[in-house]
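Asks: The amino acid sequence is not available; the structure is as follows:
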């Protein structure tokens, strides 16, 4: 019995207390949700990744170069008997360098197909971002409206208890 009385007392005192005034407008809530949503940040990051695939697809048909270089040496010490009784040593250094340039002439439509696929993926990624934005903003608006509704209900209940 004691628990039910204390619970009732807590409920009545909570209803009798003035409601905390929420200073945020709906616009402020939506802006905050848009700027701080981890879901939107992740979706924007994903879109940047998808955007990069188009750049990579475009580069598949372009000129490519590679540079290669090597340096090596050999040393050999051999003892040879000559008239003076000395020895001799041989030292040789080898080096090489190369530059390769490749320009694809025809790839059977592969590059244009990759570009078209990447472009379609970019458009799909943009639409996914728009859908995520709408979902986040709708959730924020519903939450704000729920708070406003609940504050009004609490206000009417307080007035009802006072009368």
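Replies: It's in. Remember, predicted model here, so these are calculated numbers, not experimental data. Numbering: from 1, shown residues only.
Asks: Just give me the residue closest to the centre of the protein.
Replies: residue 45 (2.6 Å; C-alpha atoms, centre = their mean).
Asks: show me the contacts for residue 114.
Replies: By C-beta atoms under 8 Å, 6 or more residues apart in numbering, the contact set of residue 114 is 57, 60. Every residue, glycine included, has its C-beta placed from N, CA and C.
Asks: Name the helix or strand for it, please.
Replies: Taking DSSP states H and E as the criterion, residue 114 maps to helix 110-162.
Asks: Quick one: mean pLDDT over that helix.
Replies: Helix 110-162 shows an average pLDDT of 93 in the prediction.
Asks: What of stretch 62-70?
Replies: Mean pLDDT, stretch 62-70: 82.
Asks: count of neighbours near the nearest residue to residue 92 once chain neighbours are set aside?
Replies: Excluding the flanking residues, the one nearest residue 92 by C-beta to C-beta, 6 or more residues apart in numbering is residue 74, at 5.2 Å. Neighbour count for residue 74, taken as other C-beta atoms under 10 Å: 9.
Asks: and residue 74, that's in a strand?
Replies: Yes. Applying DSSP: H, G, I helix; E, B strand; the rest coil, one finds residue 74 inside a strand.
Asks: quick one: it from residue 38, how far?
Replies: Plainly put, residue 74 is 61 Å away from residue 38 if you go by C-beta to C-beta, to the nearest Å.
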